[in-house]
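> Here is my input, please return the structure:
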Amino acid sequence: MSSTKQQSMWLLIVAMAAMVIFAACEPGDPGRSTGSYPIDIFQEMHYNQSVKAQEPPRFSAPEDSIPVSGGYIAAPAKADAADLVNPLAGDANALERGALLYKQNCSMCHGATAGGDGYVWVKFGDYPAPTPPEFASVRITQLTPGEAYASVSNGAGFMPSFQGLLNEADRWALVSLIEATAAERTAALNAVNTVAAGETDIENEIKRALRLNELRAN
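Numbers count the residues shown, from 1 in each chain. Down below sits the predicted model:
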């Protein structure tokens with residue numbers, strides 16, 4: 001075969017290959033290709049129009065929409081929260097819920113009964129940082145419910161933000177614990193700190209977790 005014919009044959013092969021590649025490239029067959037791959041080497045069953053027709057429509061989220069899962073709506077700053085009202089005010093279970101949440105999230109710094117004597121600060125007492133305040137101190141009692149909610153949500157000083165860890169109702173339950181009288185708060189915290197006779201700490205922790213989930217569901 002002459003060199004001219006060989007060149008023509010190779011050009012034909014290259015041209016055919018290019019046509020196949022371009023035909024397979026996205027968007028491909030609009031009736032079947034999803035455009036998921038840069039090159040659709042072959043058509044898969046899930047590209048078929050009969051399959052696609054049974055799928056729900058995939059609409060874009062409305063403008064300015066807010067996700068209801070996987071995130072949270074940021075709490076207002078303390079300066080803007082002064083007039084907020086605790087939505088759990090009058091809820092008979094709010095104090096117990098707050099005490100259970102306090103045991104899990106706050107007691108290690110603020111102390112078992114909110115006396116500002118938590119294990120972390122006793123252990124690292126020489127660290128140059130302010131001691132966590134007692135809940136009965138003026139620093140806490142002067143806060144409005146909204147300001148307390150903002151502080152718990154956004155953090156204050158060395159206290160971290162809890163809005164990414166606790167839902168809105170949980171944070172308001174902690175505010176209910178702050179708002180309670182010293183006697184009510186101490187009684188609620190002593191109740192969750194008490195381990196029944198013959199009960200291990202792990203068993204008590206499981207019991208508290210189950211009770212908290214029960215209160216959250218109601």
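> So which helix or strand of this protein has the lowest pLDDT on average?
helix 49-52 (a mean of 56; mean pLDDT, DSSP states H and E).
> in stretch 76-90, what's buried?
By 16 or more other Cβ atoms under 10 Å, the buried positions in stretch 76-90 come out as 76, 78, 81, 84, 86, 88. C-beta: built from backbone N, CA, C; applies to glycine.
> Redo those residues as a markdown table? Include secondary structure.
Putting the buried residues of stretch 76-90 into a markdown table (DSSP: H, G, I helix; E, B strand; the rest coil) gives the following:
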| residue | secondary structure |
| --- | --- |
| 76 | coil |
| 78 | helix |
| 81 | coil |
| 84 | coil |
| 86 | coil |
| 88 | coil |
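> Considering those, which is situated nearest to residue 140?
residue 78 (13.1 Å; Cβ to Cβ).
> ok, and the closest non-adjacent residue to that closest one?
residue 150 (4.2 Å; Cβ to Cβ, 6 or more residues apart in numbering).
> now do residue 100
Nearest to residue 100 is residue 212, by Cβ to Cβ, 6+ apart, at 4.5 Å.
> List the contacts of the helix or strand hosting the one you found.
Assessed by DSSP states H and E, residue 212 sits inside helix 201-217. Helix 201-217 is contacted from outside by 93, 96-97, 100-101, 103-104, 169-170, 192, 195-196, 199, using Cβ atoms under 8 Å, 6 or more residues apart in numbering.
> Could you break the protein into its assigned domains?
3-52, 78-217 (automatic domain parsing).
> The buried residues of stretch 76-90: which two are farthest apart?
Most distant of these, by Cβ to Cβ, are 78 and 88, 19.4 Å apart.
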